[in-house]
Structure formats: structure tokens, C-alpha cells
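Novice: this one's structure only:
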């Protein structure tokens with residue numbers, strides 16, 4: 001065979017795998033993978049700088065399959081080019097514990113850069129990778145960072161709102177070295193895209209400031225695909241979009257250009273007929289001849305040579321290698337945390353305002369730190385000093401103004417973290433974390449090292465009212481596996497939480513207050529306590545406590561005030577700060593029992609939904625309703641978050657445990673219908689609206 005003939009056979013072998021794997025699994029999406037086989041072939045064999053023998057080589061080109069449902073296309077390339085997948089792995093497509101799951105998962109399969117599947121997210125991840133590459137190249141040197149990011153996206157990606165936000169942001173930043181290929185195949189699950197889409201994608205992206213190349217019917221022309229990709233790679237001052245008209249499931253005689261080919265196996269008869277058209281053995285499945293494997297495995301020595309050249313440049317580079325490595329690791333330099341501020345007890349500081357000096361103190365010792373907010377950098381403590389905004393004029397800038405784009409911020413942060421070299425911090429009001437939820441969930445699945453500053457964390461937000469006051473968010477994010485949720489009690493706990501976020505793996509959410517909180521006695525020395533999720537903040541040690549008050553965030557100081565009232569009555573009260581459920585859950589049973597003995601009545605206090613607290617407490621002061629518009633201190637006072645109401649609830653719990661009861665026949669610790677919130681009868685509320693307390 002000529003080289004051209006062998007390449008053509010290789011492309012058709014990819015199409016054969018794209019049909020056979022979903023057919024065996026009785027599940028999957030063959031059509032897009034069949035149509036884009038030539039594009040994948042060109043990217044992996046002609047264009048991208050990658051080394052299958054060292055998938056995590058830092059200066060490799062990045063590839064994102066944003067339309068993750070076409071995962072069999074990526075797996076076929078990873079198998080053929082030598083990333084460690086075997087033909088048996090391809091046969092185990094979508095099976096339990098297989099390295100070829102239904103959608104690509106980073107850290108699960110070598111060569112997969114990001115976890116994709118929810119449409120639009122990979123598009124946003126690519127923007128984050130583009131930011132990271134340009135920042136690192138400017139911060140360090142093109143000698144050590146000099147690569148491109150390639151993204152394949154679909155009609156569905158471009159319909160999802162996150163892509164609009166991310167595309168607008170990328171164009172505003174003028175991100176070069178981003179090469180996106182839009183697979184314009186005109187098909188969605190419901191049918192033709194014309195059912196729901198009439199956008200002019202080229203005009204849309206040109207208006208965003210992208211370089212757009214409409215190459216039309218070139219899906220089966222490798223040379224034209226390569227030429228378009230290489231032209232886009234020369235664009236340094238804006239992201240590039242190549243619009244490719246493909247035909248889903250080509251050349252299947254009955255499935256081409258059909259919605260059925262999007263998400264369903266083609267069936268044995270259609271597969272045989274298609275293989276005959278492609279010149280593949282129609283009665284063989286997973287057919288991969290040795291000469292095709294040899295063709296693709298040439299990527300290994302070629303990639304090794306590219307990596308060796310990069311390593312030689314790194315060795316010659318005279319820059320700060322310790323800083324570069326710390327950035328790649330997403331960590332601080334040795335003893336970096338000694339630079340963090342400490343607050344004296346008695347000061348009054350909102351925890352959102354405590355984060356900012358922590359970030360500023362980390363600038364010189366956490367080299368990969370980049371921080372910003374969704375139009376709320378000042379409000380969320382994420383406004384960095386001493387560095388310009390990230391922009392086309394200042395690609396070295398470490399401060400990021402995302403604009404009102406929470407969706408894009410979350411997706412881009414994942415891309416930055418998974419690219420490596422950047423520790424991204426992003427802020428918004430806690431209530432609007434809901435806009436980021438899809439990205440946060442993927443960060444948790446991906447173990448992406450990102451930090452969220454979610455502020456204005458309770459009804460203490462005040463006058464903006466229930467539309468802006470978070471209630472259920474704490475419980476819902478605590479329910480998300482893999483996400484570390486820390487709600488610090490004061491400024492010192494905030495510094496400890498920031499240290500944990502930098503030094504730990506995976507995503508961390510810092511839940512911070514709008515209102516000033518007192519700096520508490522003893523928190524400055526409690527890094528270990530915060531790192532273990534909960535600790536005894538106050539206990540006079542004179543004997544087993546009669547009662548435990550456990551709080552988080554702004555309610556820890558409230559617990560202390562309520563404890564003062566109860567101790568004046570002769571009660572022994574322990575106060576526990578519990579900033580992070582997830583970290584406390586990781587402790588052994590002995591430590592948990594030392595902090596929260598099972599035989600001591602425990603009352604939790606938190607200005608949020610009580611859902612989940614029954615695991616740690618016998619009763620809860622919480623907020624199982626939406627808030628009210630009023631000055632923050634008035635809202636908290638009227639909704640039961642005041643020392644007198646907490647002390648009274650504690651007395652009721654003690655009475656139940658001591659057998660006095662309250663006449664309702666409940667067992668000790670059982671909740672009444674009216675125990676989750678203070679009395680918020682509308683008439684009482686109306687009387688209090690104008691009573692602004694200090």
C-alpha cells in the first residue's frame with residue numbers, strides 16, 4: 001500500500017471500531033465518531049505534539065472532545081496511537097470498571113485531558129486551558145511552555161449557554177493557540193438541528209472576536225483538514241473556529257444523516273453493509289490489521305523526540321525551576337503558609353474580607369495562583385493586588401475579571417486546573433453557585449484542584465432578600481461527592497481553610513460571610529482542628545458537658561454567646577466549631593467521639609437548611625424556609641439566630657434528655673414541626689421590619 005492508501009484504511013478501521021464497540025455494548029453513539037474519523041486521524045498523526053508513552057508531558061498539545069458522547073472516537077485513537085488501551089478495552093466499551101467508559105474521564109483513561117459529556121463544558125474547559133497556556137508562556141518562557149489546545153465541539157455544545165459565555169470571554173481576552181472544530185452535522189437526538197436552531201454560527205463567533213474558517217464539505221479530505229488546522233494554529237491574537245460540514249454515520253447506507261445514528265448502535269445488518277462500502281471485512285468485528293497499528297504507533301517515537309527536545313530546552317532554561325514546578329503542581333513553595341496573616345481575638349472581620357489578604361500574601365509563594373470573580377472580585381475577596389488583569393495586553397496577569405459569567409468561570413477554572421500550572425480561585429455569591437453547579441460537579445468528578453470563594457453565605461446577606469439569600473446550597477453541595485465544603489467561623493479559620501485548599505487535592509468551596517464576624521479566642525492555633533473538620537473550641541474541662549452546641553461559620557460566635565447564658569445557669573456547655581463535614585467524616589471514630597460524644601445532647605446551629613444535621617446533632621436550629629428582605633442583622637435576629645433563641649432551644653433539648661419533657665410525648669431529640677425555625681409569623685414579622693437592631 002501507498003502511505004495514502006494505508007492512511008485511508010486506518011481511517012476506515014476507526015470507523016469500524018466506532019460501529020463495533022457500541023453494537024457490542026448495545027449502547028453508544030457511533031455516528032459522530034464515524035463522520036469525524038478523518039479529523040481525528042489528522043489531529044493525532046499529523047498535527048498535534050503529543051507523546052503516547054508519556055501522556056502527562058507538560059508541554060504537549062491538549063485535545064478536548066467536548067461532544068463526549070463520541071468517546072469511542074477518542075478511545076480508538078488512544079488505542080491505535082499507543083496510550084495503553086488494548087483492543088480488549090475497546091471491546092469492553094461502556095462496561096463496569098472498563099478504561100473506556102461511556103464518556104471520557106480524566107485520570108481514568110490515559111490521554112483523556114478532561115471529563116466531558118455534559119455539553120458545552122468541554123468548550124469552556126478549552127478556554128481555561130488557553131488561559132493557562134498563555135499565562136505560563138508569558139510568566140515563565142516559551143522555552144518551557146509552547147503548545148496549542150484543540151477542541152472538537154458539536155451543535156449541542158454551541159446550543160448550551162455555557163459555550164456562549166465561554167466563547168465571548170475567550171474572544172474578549174484575545175486567546176490565540178485555541179483551535180476549535182465545530183462539527184456542523186445538522187443532527188440532534190430529536191432530529192435535524194433546524195427543529196430548534198437557526199443561528200449563524202460564523203457570524204456569532206466573528207462577533208465574539210474569533211477567527212472563523214468555514215471549510216464546508218471537507219470531512220473526508222485529510223489534506224484540507226490539515227491545512228485548515230495549521231492555518232488556525234498561526235493565529236496568535238484570537239481564538240479560532242473551523243466550521244466543518246460533516247454527515248453523521250457516513251457512509252452507512254440507511255443511517256447517514258439520521259437522528260438514530262446519533263445515540264444508538266447501527267445494528268448488525270447496517271454495520272455489515274457499511275463495512276462493505278469501506279472495504280472492511282463485513283463479517284469481522286474489531287478488525288485492526290497489523291500494518292494499521294504500525295502506522296499509528298509511529299506517533300510514539302515522534303512524540304518521544306518532541307518531548308526530549310522540550311526536556312533539553314528545560315534543562316538549558318535559566319528561569320526559576322522551583323517556581324515552575326510549584327506552579328505545575330498547583331502548590332506553594334516550601335513553608336509558603338508561614339506568610340499567611342493572623343488576626344488577634346476581638347477584631348471584627350467578614351470572612352470574605354479575610355480571604356483577600358490570604359490571597360495577597362500567597363502571590364509570591366504560590367506561583368500558579370490566579371484569582372477572579374464573576375463581576376464580584378471585590379465583593380468575594382478575590383481581587384488580587386500587584387498584578388494586572390489577565391488580558392491580551394497583559395497575558396501574564398494573574399487577576400481575572402470573568403464578567404457576569406458564572407457558567408464560563410466554573411468551566412474555565414476546571415480547564416486551567418486540569419491543564420496544570422494554575423491554581424484557579426473564582427468567586428461569586430453563594431446563591432449563584434447554582435449557576436456553576438454543572439462545572440462544580442465535573443470538578444468533583446475530575447478531582448480538579450480549584451478553589452471557590454462563595455460569599456454572602458446566609459440570610460445575613462440582608463436587604464436583597466430570598467432571591468439572593470442561600471438556604472439549601474450548603475446541604476446540596478455537602479451532598480456532592482468529592483467536593484470539600486469549608487465554612488470558617490472567623491478570619492483565622494479562613495486562613496486555615498485557604499491553606500487546606502492549596503495543599504489538598506481536588507476542589508474546595510470556601511463559604512464566607514458578608515457581615516463582620518468576631519475573631520474568636522483560640523482559632524489562630526487551630527489549623528489542625530480545621531484540617532480535621534471539627535474541633536472543641538470551648539470546654540472548661542471540669543467534667544463531661546451537659547450539652548454541646550456545634551456551629552459553622554457565623555453561627556459559631558452565636559453558639560459561644562448562647563453558651564454564656566447557659567453557663568450562667570450552671571450548665572456545662574461545650575462549643576464545637578465544625579467548618580467542614582467532609583474532613584470530619586474522614587477522621588477515625590475515636591476522634592469523632594472525642595469531639596461529639598454520642599451520650600451528650602447536641603444542638604447544631606447554622607443559618608441554612610437543617611437537612612443532614614441529624615447525623616451529628618440531636619436537634620437543629622436552622623432555616624427550612626426561604627429568608628426575608630431586611631437588614632442582615634434584623635433578618636438573622638427575627639429568624640431565630642440570636643443567643644436567646646438558641647439558649648431556649650438548648651434548654652428544651654436538655655429538658656427532653658433529663659426526662660422532664662415538653663408534654664408532646666416525643667422521644668428525646670425528636671423534632672417538633674416548629675423546632676427548625678424561630679417563630680416567623682407574618683404579623684410578628686411586619687412589626688419587626690422597622691426594628692433594626694445593632
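Specialist: That came through, no problem. Note that the coordinates shown come from a computational prediction; the quantities given were computed from them, not determined experimentally. Residues are numbered from 1 along each chain as shown.
Novice: which residues make contact with stretch 499-506 from outside it?
Specialist: Around stretch 499-506, the neighbours that count as contacts under Cβ atoms under 8 Å, 6 or more residues apart in numbering are 330-332, 336-337, 340, 362, 366, 423, 443-444, 447-449, 451, 482-484, 486, 508, 510, 527, 530-531, 583. Placement of C-beta: from N, CA and C, glycine included.
Novice: again, only this time at 6 Å
Specialist: 332, 337, 447, 451, 482, 508, 531 (Cβ atoms under 6 Å, 6 or more residues apart in numbering).
Novice: among those residues, which two are most distant?
Specialist: Between any two of the contacts of stretch 499-506, the greatest separation by Cβ to Cβ is 23.8 Å, found for 337 and 482.
Novice: higher neighbour count, these two?
Specialist: Legend: neighbour count by other Cβ atoms under 10 Å for residue 337 and residue 482, higher for residue 337 (20 against 16).
Novice: That one - that's part of a helix, no?
Specialist: Yes - counting by DSSP: H, G, I helix; E, B strand; the rest coil, residue 337 is found in a helix.
Novice: roughly how far apart are the nearest residue in space to it that is not next to it in sequence and residue 329?
Specialist: In space, and not counting its chain neighbours, residue 337 is closest to residue 499: 4.8 Å by Cβ to Cβ, 6 or more residues apart in numbering. Here residue 499 is placed at a distance of 15 Å from residue 329 (Cβ to Cβ, to the nearest Å).
Novice: So which of these two has more stuff around it?
Specialist: Higher neighbour count among residue 499 and residue 329: residue 499, with 19 against 14, using other Cβ under 10 Å.
Novice: Point out where this structure drops to low pLDDT.
Specialist: 660-694 (pLDDT under 70).
Novice: ok, back up a step: which of the contacts of stretch 499-506 fall in strands?
Specialist: Among the contacts of stretch 499-506, the members found in strands (DSSP state E) are 451, 508.
Novice: Residue 255 and residue 262 touch, don't they?
Specialist: No - contact status for residue 255 versus residue 262: not in contact, 9.8 Å apart, counting by Cβ atoms under 6 Å.
Novice: Among these two, which residue is more densely surrounded?
Specialist: residue 255 (26 against 23).
Novice: Phi, psi for the more buried one please.
Specialist: phi -110, psi -20 (degrees, to the nearest 10).
Novice: residues in contact with it?
Specialist: 249, 261, 266, 270.
Novice: Distance check, it against residue 276.
Specialist: Counting by Cβ to Cβ, the gap from residue 255 to residue 276 is 14 Å.
Novice: try residue 488
Specialist: 66 Å.
Novice: got the buried residues for stretch 179-199?
Specialist: For stretch 179-199, the neighbour count (16 or more other Cβ atoms under 10 Å) marks 179-188, 193 as buried.
Novice: And it, end to end?
Specialist: Using Cα to Cα, to the nearest Å, the end-to-end distance of stretch 179-199 comes out at 21 Å.
Novice: Okay, and residue 16 sits in which element?
Specialist: Using DSSP states H and E, residue 16 sits within helix 3-25.
Novice: Could you do residue 428 as well?
Specialist: Residue 428 belongs to strand 423-429 when elements are defined using DSSP H and E.
Novice: same thing with residue 181?
Specialist: Using DSSP H and E, residue 181 falls in strand 178-183.
Novice: which other helices and strands contact that strand?
Specialist: Contacts defined by 3 or more Cβ pairs under 6 Å, 6 or more residues apart in numbering; DSSP states H and E place strand 178-183 against strand 149-154, strand 240-244.
Novice: Now the element after the shortest one, going C-ward?
Specialist: Note on strand 240-244: by DSSP H and E, the next helix or strand toward the C-terminus is helix 260-263.
Novice: residues in contact with stretch 172-180?
Specialist: For stretch 172-180, using Cβ under 6 Å, 6+ apart, the contacting residues are 130, 148-151, 153, 232, 235-241, 392.
Novice: show me what contacts residue 547?
Specialist: 573, 601, 650, 654.
Novice: next one: residue 162
Specialist: 120, 124, 407, 411.
Novice: Output these in TSV, with distance to residue 553 and neighbour count appended to each entry.
Specialist: Formatted as TSV, the contacts of residue 162 follow (distance: Cβ to Cβ, whole Å; neighbours: other Cβ atoms under 10 Å):
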residue	distance to residue 553	neighbour count
120	33	29
124	30	35
407	26	24
411	28	32
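Novice: of those, closest to residue 467?
Specialist: residue 407 (18.5 Å).
Novice: For the closest one, pull up the helix or strand it's in.
Specialist: Going by DSSP H and E, residue 407 is part of helix 406-419.
Novice: Tell me the buried residues in stretch 211-223?
Specialist: Here stretch 211-223 shows 211-213, 215, 218-220, 222 as buried, counting by 16+ other Cβ under 10 Å.
Novice: my bad, should have said stretch 525-537
Specialist: Quick answer for stretch 525-537 (16+ other Cβ under 10 Å): 526-527, 529-537.
Novice: How far does it stretch from one end to the other?
Specialist: 11 Å.
Novice: can you list contacts of it?
Specialist: 493, 496, 500, 575-580, 583-584, 587, 595.
Novice: Look at residue 498 and give its secondary structure.
Specialist: Residue 498 ends up helix, using three-state DSSP.
Novice: Might one say that it is in contact with residue 357?
Specialist: No - with contact defined as Cβ under 6 Å, residue 498 does not count as touching residue 357 (9.9 Å).
Novice: Relative to residue 150, how far out is residue 63?
Specialist: From residue 63 over to residue 150 (counting by Cβ to Cβ), the distance is 5 Å.
Novice: And for residue 579?
Specialist: On the measure of Cβ to Cβ, residue 579 and residue 150 end up 41 Å apart.
Novice: which of those two has more neighbours?
Specialist: residue 579 (31 against 26).
Novice: which residues sit in contact with that one?
Specialist: Residue 579 neighbours (Cβ under 6 Å, 6+ apart): 486-488, 493, 530, 552.
Novice: what lines up beside the strand holding residue 428 in the sheet?
Specialist: Take DSSP bridges as the rule and strand 423-429 pairs in its sheet with strand 369-373 (parallel), strand 451-455 (parallel).
Novice: ok, back up a step: out of the contacts of residue 579, name the ones that lie in helices.
Specialist: 493, 530 (DSSP state H).
Novice: Let me know the closest of the contacts of residue 579 to residue 39.
Specialist: residue 486 (43.4 Å).
Novice: Enumerate every residue touching that closest one.
Specialist: Residue 486 sits in contact with 497, 510, 579-580, where contact means Cβ under 6 Å, 6+ apart.
Novice: If we ignore the residues flanking it in sequence, what's nearest residue 454?
Specialist: Nearest to residue 454 is residue 430, by Cβ to Cβ, 6+ apart, at 4.0 Å.
Novice: What are the contacting residues of stretch 98-116?
Specialist: With Cβ under 6 Å, 6+ apart, stretch 98-116 has contacts from 55, 62, 64-66, 68, 71, 74-75, 78, 83-84, 89, 92-94, 117, 122, 125, 418, 442, 445-446.
Novice: Now do the end-to-end distance for it.
Specialist: 17 Å.
Novice: How about that stretch, which residues are buried there?
Specialist: 98-106, 109-116.
Novice: Take these and keep only those in helices.
Specialist: Those of the buried residues of stretch 98-116 lying in helices (DSSP H): none at all.
Novice: ok so, going back, is it correct that the residue nearest to residue 454 is in contact with residue 453?
Specialist: No - counting by Cβ under 6 Å, residue 430 does not reach residue 453; the two are 9.5 Å apart.
Novice: How about residues contacting stretch 421-428?
Specialist: In contact with stretch 421-428 (Cβ under 6 Å, 6+ apart) are residues 132, 136, 327-328, 330, 368-371, 373-374, 376, 380, 382, 406, 409, 413, 416-417, 450-451, 453.
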